[in-house]
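1. This is the structure alone, sequence omitted:
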Ligand code: FAD
């Protein structure tokens, strides 16, 4: 069966685009954090939607699972295959159209996010989705995970930037929903089923995305604060004064900042003094007044005692250096030993309370643990990461992952939060979901999966546990 499937795929795509050699497929069998190592019969590289459809139809006929991959920068094991065929979308990388009046860009799923940003910029517009992985993640992966990032505060996550989709369904049919409409109540909102479905309901091949006007000026500052509560007060004040001109409010406590200063080559301490908490703030304006505006808002915050100290970037290079500190946090944490990570969200009003409760609980449970929490404070999303105690054994620390998960996720749940904020469920949180997700919602998810993928061939075992003896238990 597998040999004849591979022959069919090679005949359709050309043998050069059906990889079976162990060395060629190795990069597709795990992801950056190396938490899982998968296996696959082949990695195929279709070049257009028709070829993706042909691959899925052939795999459906052979009852062979398919796993879509974009840039493979996911962090939750969602793109790791456990058998079957990996469909790499990398060759579907064309920008099909940019329409300034509709304020849309139509792109294929394999476009690298940074290229989409550049194509929008070339047309004088802004595509605001922005992640530290933007140089390698691809737009299909961004939509499949409903990616968040640093600009959600003003522009929303990937879902809010999506107007239309083209999707290959589990039987190989193509749904052409590439529409640029702001209003369309002609039935169920199908595109929103696929956004955030992590390759389990269909394979996204193209999208119509919403563009925004490019700001005329932006300004960036780094604030020193007395506590997470002070950061929340400063955020509330800034958002009240600036509305959607506040385009980022990223929170960085003392420990993660020290980690990044210790390990990031060329990193410069942004403020002379020592503070318990810090925030990276960015404002954007349709006028050339962003710096002036930020300066006067910062003066107000300092006068009101909400901010202890602040520094403003005086050039694009200084602004980029501040952003580099923030964007390197996750990677630099690795230099301190083992990390246990949680991507969670709570209502914005409760972020400071969450940080206090979760920190106290983890420090009590694991003496010496170093809490390395940071994140997109302005949209309630915290990467509540833990670094191993100094001198501890890494494997012993990582063995605590399930116990710590329970502590952190129970607190998140008690605070009406989500245990999967922006990275998705994938494999890493799949078995946590039944404990925290409303059972009716879970049942609806299972029914949708059964309706859209009755053979269970699309990314089996991700997001939802396969039913006992069901079609996904290959
Ligand atoms: P992949 O990793 O290839 O796939 C991710 C999931 O989507 C898998 O389940 C896969 O099967 C599915 N998939 C991929 N393409 C398709 C498709 N065309 N159709 C259907 N399903 C598909 N994420 C954030 O949200 N915010 C951040 O700030 C952020 N920062 C990051 C920083 C770093 C340094 C790294 C390494 C990762 C970060 N991520 C972040 C996680 C990751 O970059 C995002 O999840 C990204 O959206 C994944 O895109 P990708 O193309 O790499 O997808």
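-> Noted; the coordinates are in hand. Small disclaimer: the values here were computed from a predicted structure and weren't measured. Numbering: from 1, shown residues only.
2. and the stretch 301-450 of the chain, which of its residues are near the ligand?
-> Residues of the stretch 301-450 of the chain found near the ligand (Cβ under 6 Å from any ligand atom) are 330, 422-423, 426. Every residue, glycine included, has its C-beta placed from N, CA and C.
3. roughly how far is the lowest-mean-pLDDT helix or strand in the chain from the heart of the chain?
-> Every helix and strand in the chain was compared by mean pLDDT, DSSP states H and E; the lowest is helix 329-333, with a mean of 92. With Cα atoms, centre = their mean, to the nearest Å as the basis, helix 329-333 stands 16 Å off its chain's centre.
4. that older thread, mind checking which of the residues of the stretch 301-450 of the chain next to the ligand are in helices?
-> Within these, residues falling in helices by DSSP state H are residue 330.
5. tell me the SS of the closest residue in space to residue 133 that isn't next to it in sequence?
-> Nearest non-adjacent residue to residue 133, counting by Cβ to Cβ, 6 or more residues apart in numbering: residue 73, 4.2 Å away. Of the three states, residue 73 takes coil under DSSP: H, G, I helix; E, B strand; the rest coil.
6. Let me see the ranges of the strands in the stretch 201-350 of the chain.
-> Here the stretch 201-350 of the chain has its strands, by DSSP state E, counting those that start in this stretch, at 203-210, 212-213, 217-225, 246-253, 277-285, 309-312, 339-340, 343-345.
7. Any chance of TSV for those, columns mean pLDDT?
-> Formatted as TSV, the strands of the stretch 201-350 of the chain follow (pLDDT from 0 to 100):
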stretch	mean pLDDT
strand 203-210	98
strand 212-213	97
strand 217-225	98
strand 246-253	96
strand 277-285	97
strand 309-312	97
strand 339-340	96
strand 343-345	97
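8. Can you add mean neighbour count and give these back as TSV?
-> As requested, the strands of the stretch 201-350 of the chain are exported to TSV (neighbours: other Cβ atoms under 10 Å):
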stretch	mean neighbour count
strand 203-210	26
strand 212-213	14
strand 217-225	23
strand 246-253	24
strand 277-285	25
strand 309-312	18
strand 339-340	20
strand 343-345	24
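9. now for the least confident helix or strand of the chain, which elements pack on it?
-> Judged by 3 or more Cβ pairs under 8 Å, 6 or more residues apart in numbering; DSSP states H and E, helix 329-333 is in contact with helix 254-263, strand 370-376, strand 381-387.
10. can you pull the contacts of the most centrally placed residue in the chain?
-> In the chain, the C-alpha nearest the mean C-alpha coordinate belongs to residue 147, at 3.7 Å (Cα atoms, centre = their mean). When contacts are counted by Cβ atoms under 8 Å, 6 or more residues apart in numbering, residue 147 touches 129, 131, 137, 141, 157-158, 422.
11. Any idea how far apart the tips of stretch 198-216 sit?
-> Separation of the first and last residues of stretch 198-216 by Cα to Cα, to the nearest Å is 35 Å.
12. ok, residue 102 to the ligand distance?
-> 23 Å (Cβ to the nearest ligand atom, to the nearest Å).
13. I'd guess that residue is in a strand, am I close?
-> No: using three-state DSSP, the assignment for residue 102 is coil, not a strand.
14. Could you report the neighbour count for residue 198?
-> 25 (other Cβ atoms under 10 Å).
15. just the residues of the stretch 101-250 of the chain that are near the ligand, which are they?
-> Contact residues, the stretch 101-250 of the chain versus the ligand (Cβ under 6 Å from any ligand atom): 109, 131-133, 137-138, 140-142, 144-145, 147-149, 198-199, 203-204.
16. how does it look with 8 Å?
-> 109-110, 113, 130-133, 136-150, 157-158, 167, 194, 197-200, 202-205 (Cβ under 8 Å from any ligand atom).
17. In strands only, show me these.
-> 167, 203-205 (DSSP state E).
18. Span of stretch 168-181 from start to end?
-> First-to-last residue span, stretch 168-181, Cα to Cα: 21 Å.
19. buried sites along it?
-> Within stretch 168-181, the residues that qualify as buried are 168-170, 172, 174, 177-178, 180, counting by 16 or more other Cβ atoms under 10 Å.
20. Equivalent analysis for stretch 460-468, please.
-> Under 16+ other Cβ under 10 Å, the buried positions of stretch 460-468 are 460-466.
21. What residue in the stretch 151-300 of the chain comes nearest to the ligand?
-> Across the stretch 151-300 of the chain, the shortest distance to the ligand (Cβ to the nearest ligand atom) belongs to residue 199, at 3.0 Å.
22. Number of residues surrounding residue 358?
-> Residue 358: 26 surrounding residues under other Cβ under 10 Å.
23. by contact count, what packs against the one helix or strand it maps to?
-> According to DSSP states H and E, residue 358 maps onto helix 351-365. Judged by 3+ Cβ pairs under 8 Å, 6+ apart, helix 351-365 is in contact with helix 228-242, strand 370-376, strand 381-387, helix 401-414.
24. Surely residue 326 and residue 280 touch.
-> Yes: between residue 326 and residue 280 there is a contact at 5.0 Å, judged by Cβ atoms under 8 Å.
25. Give me the common contacts of these two.
-> With Cβ under 8 Å, 6+ apart as the test, residue 326 and residue 280 both reach 250, 252.
26. And the nearest residue to residue 84 once chain neighbours are set aside, how far from residue 145?
-> In space, and not counting its chain neighbours, residue 84 is closest to residue 65: 3.2 Å by Cβ to Cβ, 6+ apart. Distance, residue 65 to residue 145, using Cβ to Cβ, to the nearest Å: 19 Å.
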